[in-house]
Structure formats: structure tokens, C-alpha cells
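>>> Make a model of this:
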Amino acid sequence: MSLRTAVRHALASADEVAADEERHEAAANRGCRPVADLADRRRAGVAGVLRSVVLRPREGVPTVEAELYDGSGSLDLVWLGRRTIAGVEPGRRIRVEGMVCDVGGRRTMFNPRYELRARAGE
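Numbering: from 1, shown residues only. Predicted coordinates:
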């Protein structure tokens, strides 16, 4: 770690350090874009960590919803017709690919292809 990085980490808040680490980790994934740069109605690959995972029925259909965070922003992931997905849990690193859309002002990806990544420290 360089002196500049050490000083920045010493002066930054824990949230700023975590966001910086997530941006660095996400950038290491080839073919992935930062959430902040995603365009509506475009296919994209994104990598990050899952902040939350919940079962939330939509119009009577079981749905797994998760929030992916990559340090630049959040992306809602929605898998329709699922009650659970093995390995998809808070704190897990994931890489997803699919069509980005805007739902109520939030970037969202429905039924994305996904690849679970090693957890921090694994």
C-alpha cells in the first residue's frame, strides 16, 4: 500500500473505504461496468457484493430480490418465479449479466444470468 493510499484510508470514513474497496474489486472483473455508468435498456455485466436478499411476491408470483452494490451505486436484481437461490445471500460476491431497466427510479435487472464469486477471505 502506498503512502497516499494509507493516508486516504486513515482520513476516510469506513463507508468511503468500503466503497473504494468495492469499486476496486468490481473493476477487476473483465467485461463489467460500474453501476453508476449503466444505461437504461442496455445489456450489461456488473460485479459487486449483495447487500440484501429477500423473498417478495410480485403480483402473486414468488420473487427473489437482491441489492447488488459495487461502490459506485446499487442495482436491484429480481428473479421471478423463485423462492430461493442457493448461494445468493447477503455478503456474497456475484457477477451478473442482463438487461438494465428503470423501475421506479432504480436501476433493475430481471432474471439476470449470474456467477457466484468467492467471498471475502476465501
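>>> How many neighbouring residues does residue 51 have?
12 (other CB atoms under 10 Å). For glycine as for every other residue, the C-beta is placed from the backbone atoms N, C-alpha and C.
>>> That one contacts residue 65, doesn't it?
No - counting by CB atoms under 8 Å, residue 51 stays clear of residue 65, with 11.4 Å between them.
>>> does residue 26 belong to a helix or a strand, and which?
Secondary-structure assignment from DSSP states H and E places residue 26 in helix 14-27.
>>> So in that sheet, which strands flank the helix or strand that that helix is followed by, and in what orientation?
Following helix 14-27 in sequence order, the next helix or strand is strand 42-55 (DSSP H and E). Strand 42-55 has the following strand partners under DSSP bridges: strand 63-69 (antiparallel), strand 93-103 (antiparallel).
>>> just those strands: most buried one?
Comparing the strands paired with strand 42-55 by mean neighbour count (mean count of other CB atoms under 10 Å), strand 63-69 comes out on top with a mean of 20.
>>> distance between that one and the chain's centre?
Relative to its parent chain, strand 63-69 has a centroid offset of 8 Å by CA atoms, centre = their mean, to the nearest Å.
>>> Stretch 20-35 now?
10 Å.
>>> Check stretch 67-82 too.
Relative to its parent chain, stretch 67-82 has a centroid offset of 5 Å by CA atoms, centre = their mean.
>>> Tell me the buried residues in it?
By 16 or more other CB atoms under 10 Å, the buried positions in stretch 67-82 come out as 67-73, 75-79.
>>> can I get the residues you listed in CSV with distance to residue 91 and secondary structure?
Listed next are those as CSV, based on distance: CB to CB, whole Å; DSSP: H, G, I helix; E, B strand; the rest coil:
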residue, distance to residue 91, secondary structure
67, 12, strand
68, 12, strand
69, 11, strand
70, 14, coil
71, 15, coil
72, 19, coil
73, 18, coil
75, 16, strand
76, 17, strand
77, 15, strand
78, 19, strand
79, 18, strand
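>>> Quick one: mean pLDDT for stretch 37-47?
Mean per-residue pLDDT for stretch 37-47: 95.
>>> Residue 81 is in contact with residue 58, correct?
No - taking contacts as CB under 8 Å, residue 58 lies outside contact range of residue 81: 9.9 Å.
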